[in-house]
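In: Fold the stuff below for me.
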Amino acid sequence: MLSINTKVKLNNEIKIPIIGLGTYQTNPGKETENAVLYALENGYRHIDTAAYYRNEEYIGNAVKESKIPREEIFITTKIWNDDHDNPEKAFYKSLEKLNLDYVDLYLIHWPVKERNKTWNIFEKLLKEGKCKAIGVSNFTIRHLNDLMKISKTIPVINQVEFSPYLYQKDLLDFCNSKNIQLEAYSPLTKGKRLNDKRLIEIAQKYNKTAAQILIRWCLQHDVVVIPKSSNNERIKENIDVFNFNISLKDMKLLDSFDESYRTSWDPSKIE
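Out: Here you go, the predicted model:
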């Protein structure tokens with residue numbers, strides 16, 4: 001049975017907690033610090049950020065304040081699109097803001113045209129032990145194939161928008177075939193589909209919230225999931241998803257909700 005402590009082994013043998021706290025659009029400052037600290041105090045051991053979010057410094061503060069041993073917390077950050085002229089400089093800037101000696105996972109945030117050149121620098125950082133693993137975000141099958149043609153290092157993770165309303169099954173199947181772990185951001189559709197009557201009906205059946213059903217759906221597809229919240233009640237609610245299973249019938253019903261609904265940019269438009 002899955003639990004909050006469940007970890008997934010990545011293709012380089014390191015392990016990532018199956019659920020984490022997303023921090024996109026969490027206001028830099030005390031809001032970020034308080035949310036991350038509360039999450040850590042309530043069992044989270046996986047925090048996701050990015051240079052673009054402008055909250056790395058406050059995440060670092062919360063990690064330090066938590067007094068939890070560094071090796072017990074999995075930290076992900078990402079290089080932003082404007083920083084590919086000097087990826088190494090961007091990485092060390094993030095590391096300094098986080099006030100850490102290393103990050104667990106460093107991602108290319110979007111598949112910009114410099115991605116393959118940047119990947120070579122990522123491999124260097126990996127070899128130097130400055131990050132424990134390297135991966136990508138928002139890559140389509142085409143982008144992944146393009147990257148793997150020039151690299152011996154397969155990304156450990158592809159972090160993409162993923163929910164029943166954007167059920168990227170082909171991408172999930174492809175990543176599984178290449179031993180790339182899919183990771184879901186915006187699994188809650190940024191709240192835009194939480195009032196779907198079909199979803200609410202399923203949630204009531206399991207005595208859970210609509211958000212919990214969306215998170216559990218990801219987990220049962222073996223997808224790592226990083227729901228975002230800065231609200232203490234919802235931070236706790238989002239990890240209370242390990243005491244039930246969605247039936248196969250209801251999983252298939254949820255799969256059928258797919259409408260290619262995106263709350264973020266569409267990476268398929270990037271060459």
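In: can you pull out the helices in this protein?
Out: Per DSSP state H, the chain carries helices over the ranges 30-41, 56-66, 87-98, 115-127, 141-150, 169-177, 197-205, 210-220, 232-237, 248-255.
In: so which of the ones you listed is the most packed in?
Out: Most buried of the helices of the chain, by mean neighbour count (mean count of other CB atoms under 10 Å): helix 210-220, with a mean of 23. The C-beta positions use only the backbone N, C-alpha and C, and glycine is treated the same way.
In: and the angle from that helix to helix 197-205?
Out: Using axes from the mean of the first three to the mean of the last three CA atoms, to 10 degrees, the direction of helix 210-220 lies 90 degrees away from that of helix 197-205.
In: Let me see the residues that make contact with helix 210-220.
Out: Around helix 210-220, the neighbours that count as contacts under CB atoms under 8 Å, 6 or more residues apart in numbering are 2, 18-19, 162-164, 184, 187-189, 194-196, 199-200, 202-203, 206, 208, 225, 227, 234, 237-238, 240-241, 244-246, 251, 254.
In: what's the neighbour count on K113?
Out: By the criterion of other CB atoms under 10 Å, K113 has 10 neighbours.
In: Go ahead and confirm it touches D85.
Out: No: K113 lies out of contact with D85 (CB atoms under 8 Å); the separation is 11.9 Å.
In: hang on, the earlier thing: can I get the helices of the chain in a markdown table with mean pLDDT?
Out: Below are these laid out as a markdown table (pLDDT from 0 to 100):
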| stretch | mean pLDDT |
| --- | --- |
| helix 30-41 | 96 |
| helix 56-66 | 97 |
| helix 87-98 | 98 |
| helix 115-127 | 97 |
| helix 141-150 | 97 |
| helix 169-177 | 98 |
| helix 197-205 | 98 |
| helix 210-220 | 98 |
| helix 232-237 | 97 |
| helix 248-255 | 98 |
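In: Dump the ones you listed to a markdown table, plus distance to N12.
Out: Compiled in a markdown table, those are given as follows (distance: least, CB to CB, whole Å):
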| stretch | distance to N12 |
| --- | --- |
| helix 30-41 | 25 |
| helix 56-66 | 23 |
| helix 87-98 | 18 |
| helix 115-127 | 8 |
| helix 141-150 | 15 |
| helix 169-177 | 15 |
| helix 197-205 | 36 |
| helix 210-220 | 22 |
| helix 232-237 | 29 |
| helix 248-255 | 30 |
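In: mind checking which of these is nearest D48?
Out: For D48, the closest of the helices of the chain is helix 56-66, at 9.3 Å, according to CB to CB.
In: quick one on the thing from earlier: out of the contacts of helix 210-220, which end up buried?
Out: 18-19, 162-164, 184, 187-189, 194, 196, 199, 202-203, 206, 208, 225, 227, 237-238, 241, 246, 251, 254 (16 or more other CB atoms under 10 Å).
In: re earlier: of all the helices of the chain, which one is nearest I270?
Out: With CB to CB as the criterion, I270 lies closest to helix 141-150 of these, at 7.5 Å.
In: Does the closest one pack against any helices or strands, and if so which?
Out: Helix 141-150 is packed against helix 115-127, strand 134-137, helix 169-177, with contacts defined by 3 or more CB pairs under 8 Å, 6 or more residues apart in numbering; DSSP states H and E.
In: Now K132: closest residue in space that isn't a chain neighbour?
Out: Closest residue in space to K132, ignoring its immediate chain neighbours: D104 at 4.8 Å, by CB to CB, 6 or more residues apart in numbering.
In: ok, so what distance separates Q181 from I246?
Out: The gap separating Q181 from I246 is 21 Å, by CB to CB, to the nearest Å.
In: One more: Q159?
Out: Counting by CB to CB, the gap from Q159 to I246 is 23 Å.
In: Isn't L253 up against E201?
Out: No: between L253 and E201 there is no contact under CB under 8 Å: 9.6 Å.
In: need the contact list for the residue lying farthest from the centre of the chain.
Out: Of all residues in the chain, K205 has its C-alpha farthest from the mean position, at 27.9 Å, by CA atoms, centre = their mean. By CB under 8 Å, 6+ apart, the residues touching K205 are D250.
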